[in-house]
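1. I need the structure of the sequence given here:
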Amino acid sequence: QVQLVESGGGLVQAGDSLRLSCAASGLTFSRYAMGWFRQAPGKERAFVGAVSGNGGTTIYANSVKGRFTISRDNAKNTVYLQMNSLKPEDTAVYYCATTRTFPAVVRSAYDNWGQGTQVTVSS
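-> This next block holds a predicted model:
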């Protein structure tokens, strides 16, 4: 079965950087676009960004555009989320997910999800 495992979360200060990783198994990785979502306490899970199967195209939510970068290494079955200039409002649990549809910004387009990794940004 498909398994996604996020890592790299933690507690950082505003302005710091952090890189999240999502390791995938149980699928032909390059055939899937990969997305990142986040969920803050009391809020809906929200789209952060996504990358196409070959890594050539990325899309981002306006709230993170210019600060976050998604990349992937298909040889390692891993997708990354580089987060720079972090703000307290970036505090959330971050999830990676797979989709056969690209571009896709809605949660319902994604089928397999990781367990999430906590990112906390202090002011």
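2. tell me which residue is most central in the protein.
-> Nearest to the mean C-alpha position of the chain, by CA atoms, centre = their mean, lies W36 at 2.5 Å.
3. any idea how far it is from S123?
-> 23 Å (CB to CB, to the nearest Å). Where C-beta positions appear, they are placed from N, C-alpha and C, glycine not excepted.
4. and A75, by the same measure?
-> Counting by CB to CB, the gap from A75 to S123 is 39 Å.
5. and for V93?
-> According to CB to CB, V93 stands 19 Å off from S123.
6. can you check A14 too?
-> For A14, the distance to S123 - CB to CB - is 5 Å.
7. between those two, which contacts overlap?
-> P88 (CB atoms under 8 Å, 6 or more residues apart in numbering).
8. surely S30 and K76 touch.
-> No. The pair S30 / K76 is not scored as a contact, 11.4 Å apart, by CB atoms under 8 Å.
9. so for the one helix or strand E6 maps to, mean pLDDT?
-> Assessed by DSSP states H and E, E6 sits inside strand 3-7. Averaging pLDDT along strand 3-7 yields 98.
10. note down every partner strand of that strand and its orientation.
-> Sheet pairing for strand 3-7, assigned by DSSP bridges, gives strand 18-25 (antiparallel).
11. about what we covered before: A14 and S123 - which one has more neighbours?
-> A14 (13 against 9; other CB atoms under 10 Å).
12. T120 versus that one, what's the distance?
-> For A14, the distance to T120 - CB to CB - is 11 Å.
13. please apply the same query to V48.
-> Separation of V48 from T120 (CB to CB) stands at 16 Å.
14. before we move on, what about L86?
-> Counting by CB to CB, the gap from L86 to T120 is 10 Å.
15. now the common contact residues for the two.
-> Joint contacts of L86 and T120 (CB under 8 Å, 6+ apart) are V12.
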